[in-house]
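Student: coords please:
(2 chains)
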Amino acid sequence: MGVPASIPFVSEHAAAGQERLEQEVVALFDQLRTPLFRFLLGQGLDAADAEEVIQEAFLALFEHLRSEKPRTNLRGWVFKVAHNQALKLLRRSGARATPLEDFAAAPDPTPEQRVQDNQRYRQLLAVMRALGPQDRAVLQLRAEGLRYREIAGVLDISLGSVAVSMERALARIEAARQ
Amino acid sequence: MRDHVSDGDLLLYAACELDGERCAAVDNHVGACPVCAHRIHYLEESVAEFAQLESSAVDPYVPSPEPARARLAAQLARPRRWALAFPAMAAAILLVITGAALLLRRGPDRHVERPDPGLTPGSIVSTSAQMLCAEPEREPPPIDPAVAKSVFDRYGIAPAPGNYELDYLVTPALGGSADASNLWPQRYDAGEWNSRVKDALEDRLRSMVCSGEVDLATAQSELAADWIGAYRRRFGTARPLLNHFAFVKDRPWE
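Tutor: Below you'll find the predicted structure:
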């Protein structure tokens, strides 16, 4: 395994490589920040913690890439790091993970928007509260477009468990509609 | 018609993520079962509706990305070399004091081995205590033999096999990097203040960082500036504890 070059001795070539890596990480940040935010709020983090977890995840991604580790499925890698961090924060705070709790207090742009958003928000809240943490995470990750195998990797569960969680989550939503 | 396929399998099937044999069986069933074929559409629509609901309810509240993006870009561009003026100076001063003391008396400290702050100021990677503590401590990354040789050369040492450990001044378990600027040859078992004793300190500091007693930057700074002083403070002893002295963790550099 290569050892990362020390900055004071880097050649121009290495400096250009580092800059390319920075750009790559920022581009992935642009692409994944909103999906990660949705996911983390749904997992029970408040907005400030979600922002911190996302920052940490991308700093970790940078180090991951800098040390020439595998580049396969970076999206899944970032979600996994963010999810592990979120679990750790929730465990440490001892708080029960209540999805979207803090989010309800966020300022709304206009009164009309507020009414409309609140309706959607209440609907979403009802769905989220009906689901256990794993089922919610699986459904949220699928909604973000991750493949089922990626979801299994992010949550460290089997593909079979992912399928069971999806089935249960959708059944709860179906039951809530009736 | 046999029993219908479970919703879970239908979803995996629709995403082409079922294993070969099972996939073929579901394919046969769905081809002949309009209920299951319809159910696939229904399930996929439910997922899409959820995605739409979540996005429309949450997205208006997601804070603007610009400040976070700027913060990330700034952190990524920050030079990773860690050469805080204070710890480096403190280490240099301590080295001079130690040298002077050694001229005056020959005691148990004559085996004191500290890195040369000019050659090994210590360097870290961008990380945080949260990230480091999220996972169990791993084996440090292997050191490139060319880098290892350059470290020994810079220190003017031709190591006999098994005598030295090439040590990270700031351990990777606390965010130390694998740069040459963070590596130094430490006698494996000569003297009181050997690499085994330092390993014990690193373990103690890591557990203090992970329990929130000490912040990461302080732990890194203690290791880089004066690890022996840090050991004395953290274990409340002037000399290495016997069980640490005999503590064996890393393999010597061969």
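Student: neighbours around A:Glu24, how many?
Tutor: 15 (other Cβ atoms under 10 Å in any protein chain shown). For glycine as for every other residue, the C-beta is placed from the backbone atoms N, C-alpha and C.
Student: Identify the nearest residue to it in space, disregarding sequence-adjacent positions?
Tutor: A:Leu65 (7.0 Å; Cβ to Cβ, 6 or more residues apart in numbering or on different chains).
Student: so where's the longest helix in chain A?
Tutor: Criterion DSSP state H: the longest helix present in chain A is helix A:12-42.
Student: Which strands and helices lie in contact with that helix?
Tutor: helix A:47-66, helix A:74-93, helix A:133-143, helix B:34-58, helix B:65-77 (3 or more Cβ pairs under 8 Å, 6 or more residues apart in numbering or on different chains; DSSP states H and E).
Student: so B:Pro184 is in which element?
Tutor: Small correction: residue B:184 is Trp, not Pro. In this assignment (DSSP states H and E), B:Trp184 forms part of strand B:183-187.
Student: Pull out the buried positions in stretch B:48-58.
Tutor: Under the neighbour-count criterion of 16 or more other Cβ atoms under 10 Å in any protein chain shown, stretch B:48-58 has B:50-51, B:53-55, B:57-58 buried.
Student: How about stretch B:148-168?
Tutor: For stretch B:148-168, a neighbour-count test (16+ other Cβ under 10 Å) marks B:148, B:151-152, B:154-155, B:159, B:164-168 as buried.
Student: Now the residue in chain A positioned nearest to chain B. Nearest residue, chain neighbours left out?
Tutor: Residue of chain A nearest chain B, by Cβ to the nearest Cβ: A:Ala163 (3.1 Å). Using Cβ to Cβ, 6+ apart and skipping the chain neighbours, the partner closest in space to A:Ala163 is B:Gly8 (3.1 Å).
Student: Identify the residues contacting the one you found.
Tutor: Residues near B:Gly8 by Cβ atoms under 8 Å, 6 or more residues apart in numbering or on different chains: A:160, A:163-164, A:166-167.
Student: which among the buried residues of stretch B:48-58 gets closest to A:Ala60?
Tutor: B:Val58 (24.0 Å; Cβ to Cβ).
Student: what's the neighbour count on the nearest residue to the closest one once chain neighbours are set aside?
Tutor: Distances taken as Cβ to Cβ, 6+ apart place A:Arg38 nearest to B:Val58, at 4.9 Å, with adjacent residues excluded. Burial of A:Arg38 is recorded as 23 neighbouring residues (other Cβ under 10 Å).
Student: same thing with A:Gly76?
Tutor: So A:Gly76, with other Cβ under 10 Å, has 18 neighbours.
Student: Repeat that for B:Glu66.
Tutor: Applying other Cβ under 10 Å, we find 8 residues neighbouring B:Glu66.
Student: Would you tell me which of the helices and strands packed on helix A:12-42 gets closest to B:Phe235?
Tutor: For those, the distance to B:Phe235 is smallest for helix A:74-93, at 26.8 Å, taking Cβ to Cβ.
Student: Please state the offset of stretch A:120-139 from the chain centre?
Tutor: 15 Å (Cα atoms, centre = their mean, to the nearest Å).
Student: Which of the helices or strands spans the residue of chain A closest to chain B?
Tutor: Using DSSP H and E, A:Ala163 falls in helix A:159-177.
Student: neighbouring contacts of that helix?
Tutor: A:126-127, A:130-132, A:134-139, A:142, A:148-149, A:151-152, A:155, A:157, B:6-9, B:11-12, B:17, B:43, B:46-47, B:50.
Student: tell me the angle of it relative to helix B:34-58?
Tutor: 80 degrees (axes from the mean of the first three to the mean of the last three Cα atoms, to 10 degrees).
Student: Can you list the low-confidence ranges for the chain?
Tutor: Reading this off chain A. Scanning chain A for pLDDT under 70 picks out the ranges A:1-15, A:94-117.
Student: not quite, I wanted chain B
Tutor: Looking along chain B with the criterion set at pLDDT under 70, you get B:1-2, B:78-113, B:159-164, B:187-191, B:243, B:245-254.
Student: how about the helices of it, start to end?
Tutor: Assigned helices in chain B, in chain order: B:7-14, B:20-32, B:34-58, B:65-77, B:85-104, B:129-134, B:145-154, B:195-210, B:216-235, B:242-245 (criterion: DSSP H).
Student: can you list the residues of the stretch 101-250 of chain B near chain A?
Tutor: Contact residues (Cβ under 8 Å from any Cβ of the partner chain) of the stretch 101-250 of chain B with chain A: B:123, B:125-128, B:130-131, B:133-135, B:141-144, B:147, B:177-181.
Student: Just the ones in strands from the residues you listed, please.
Tutor: Among these, none falls in strands (DSSP state E).
Student: Quick check on these: which are buried?
Tutor: So, by 16+ other Cβ under 10 Å, the buried ones in these are B:123, B:125-128, B:130-131, B:133-134, B:143, B:147, B:177-181.
Student: Of all pairs in those residues, which one is the farthest apart?
Tutor: That would be B:Gln130 and B:Val147, which, of those, are the farthest apart (Cβ to Cβ) at 28.9 Å.
Student: Nearest to A:Gln43, out of the buried residues of stretch B:148-168: which one, please.
Tutor: Scanning the buried residues of stretch B:148-168 for proximity to A:Gln43, where the rule is Cβ to Cβ, the winner is B:Tyr168, at 34.5 Å.
Student: need the contact list for that closest one.
Tutor: Applying Cβ under 8 Å, 6+ apart, we find B:Tyr168 in contact with B:140, B:176, B:178, B:182-183.
Student: residue in the stretch 151-254 of chain B nearest to chain A?
Tutor: Distances between the stretch 151-254 of chain B and chain A by Cβ to the nearest Cβ are smallest at B:Asp179, namely 3.8 Å.
Student: what's that residue sitting at in phi/psi?
Tutor: When quoted as degrees, to the nearest 10, the phi and psi of B:Asp179 stand at phi -70, psi 150.
Student: now it: how far from B:Gly122?
Tutor: Computed as Cβ to Cβ, to the nearest Å, the B:Asp179 to B:Gly122 distance reads 9 Å.
Student: Same question for B:Gln130.
Tutor: On the measure of Cβ to Cβ, B:Gln130 and B:Gly122 end up 21 Å apart.
Student: in terms of contact, does A:Ile54 touch A:Arg33 like I think?
Tutor: Yes - taking contacts as Cβ atoms under 8 Å, A:Ile54 lies within contact range of A:Arg33: 6.0 Å.
Student: Of those two, which one has the most company?
Tutor: Comparing A:Ile54 with A:Arg33 by neighbour count (other Cβ under 10 Å), the higher total belongs to A:Ile54, at 26 against 23.
Student: center of chain A - which residue?
Tutor: When Cα atoms, centre = their mean is applied to chain A, the residue found nearest the centroid is A:Leu36 (3.3 Å).
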